[in-house]
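Chemist: just the structure for this:
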Amino acid sequence: VNVGHGQDMADISEFTVEAWIKTSKGGTIFSRFKKAFLYVDSSDNLAKFGIDNETQVVSSFTAVNDGSWRHVAGVLVDGLHQHPDTTGIGGTCTNAAASGTHLDMYVDGVWEDCAPTAFPVDIDCSDCVNTICRHLGTVVPGPDRIYNGVVDEVRLWKEARSPEQIKKWMRTEISGTDWDTADPGMLNIIGYWKFNEGKGAVATDSSGYGHTGTKLKCDDPDTCNVAGQEKSTPWTGGWVDGYSFLY
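Modeler: Residues are numbered from 1 along each chain as shown. Below you'll find the model as predicted:
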């Protein structure tokens, strides 16, 4: 899904991307070119969140390509941030409160690990070519480009969502008066794709920022994981209640 460039990620120091996924393979779930991206690594089946052209990446410890619905979230934190566990599962985080800038990874609402990072980080992607900078389901360069699976409830926030917020809202479709507690004033949500449209190539953005996406499909499966070679056209299938999933 091409959701354009947008200027809503300029000059922000904290960021959260979260989604429900169902895959037995993997690939890129969200990308801001290679400035910020969430993906499932097909080499080890783990969810990963990275920034700055993969120089800084945090990984889950739980494999998420088991063909079941899993919730994954990556968080960029600037400053002190309390984790729900005292030691995590291992890796680079060994205490509950990570001070300074770092990346967090959650699976099914549970914090799994974090990795230290450094600012400034340019996730605005101001050097991207034309307007195809932000995607759901692909990233322009690198491995695991094309996501192979199902995705739902993709949310982008210009804040570091807390463990409590992620766990509380991951199973709730946010709308109406829910916004009052999920994001008072709708000040921090910058992209929200519910994928409730049914058939058609439109992916509606419910964040209020108007980043309507265009659903695309790769016409040549042999080249869709090779940068610059895929031939994509608008996708006219859809997920409609009571009907088969149509390609």
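
Chemist: the closest residue in space to residue 170 that isn't next to it in sequence - how many residues pack around it?
Modeler: Using Cβ to Cβ, 6 or more residues apart in numbering and skipping residues adjacent in sequence, the residue nearest residue 170 is residue 71, 4.7 Å away. Every residue, glycine included, has its C-beta placed from N, CA and C. By other Cβ atoms under 10 Å, the residues close to residue 71 number 21.

Chemist: what do you get for the one 5 residues further on?
Modeler: One way to gauge burial is a neighbour count; for residue 76, by other Cβ under 10 Å, it gives 26.

Chemist: now do stretch 146-162, average pLDDT.
Modeler: Averaging pLDDT along stretch 146-162 yields 89.

Chemist: again, but for stretch 180-194
Modeler: pLDDT averaged over stretch 180-194 gives 92.

Chemist: now the helix ranked longest in the chain - C-alpha only, CSV.
Modeler: Longest helix in the chain, counting residues (DSSP state H): helix 163-169. Coordinates of each C-alpha in helix 163-169 appear next as CSV, following Å, rounded to 0.1, in the frame of the first residue of the first chain:
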residue,chain,number,x,y,z
PRO,A,163,3.4,-0.8,27.4
GLU,A,164,0.0,-0.2,29.0
GLN,A,165,-1.3,1.7,26.0
ILE,A,166,-0.1,-0.9,23.5
LYS,A,167,-1.7,-3.8,25.5
LYS,A,168,-4.9,-1.9,26.2
TRP,A,169,-5.7,-0.8,22.7
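
Chemist: helices along the chain, start to end?
Modeler: 163-169, 179-182.

Chemist: may I see the buried residues of the last one?
Modeler: What that stands for is helix 179-182. residue 182 (16 or more other Cβ atoms under 10 Å).

Chemist: cool, and stretch 69-80?
Modeler: 70, 71, 72, 73, 74, 75, 76, 77, 78.

Chemist: let's have those residues in CSV, adding distance to residue 48 and pLDDT.
Modeler: Below are the buried residues of stretch 69-80 laid out as CSV (distance: Cβ to Cβ, whole Å; pLDDT from 0 to 100):
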residue, distance to residue 48, pLDDT
70, 13, 96
71, 15, 97
72, 9, 97
73, 12, 97
74, 8, 95
75, 13, 93
76, 13, 90
77, 16, 87
78, 20, 83
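
Chemist: from those, which land in strands?
Modeler: Among the buried residues of stretch 69-80, DSSP state E puts 70, 71, 72, 73, 74, 75, 76, 77, 78 in strands.

Chemist: which one of these sits closest to residue 40?
Modeler: residue 72 (7.9 Å; Cβ to Cβ).

Chemist: beta partners for the closest one?
Modeler: In this structure, residue 72 bridges to residue 19, residue 107 when assessed by DSSP bridges.

Chemist: just residue 114 next, same as before
Modeler: Assessed by DSSP bridges, residue 114 has beta-bridge partners residue 104.

Chemist: ok, it to residue 176 distance?
Modeler: Distance from residue 114 to residue 176, counting by Cβ to Cβ, to the nearest Å: 33 Å.

Chemist: residue 198 too?
Modeler: In terms of Cβ to Cβ, residue 198 sits 21 Å off from residue 176.

Chemist: more neighbours, these two?
Modeler: Using other Cβ under 10 Å as the criterion, residue 198 and residue 176 rank with residue 198 on top: 13 against 7.

Chemist: got the confidence number for the more buried one?
Modeler: 78.

Chemist: please report phi then psi for it.
Modeler: Backbone geometry at residue 198, expressed as degrees, to the nearest 10, gives phi 80, psi -140.
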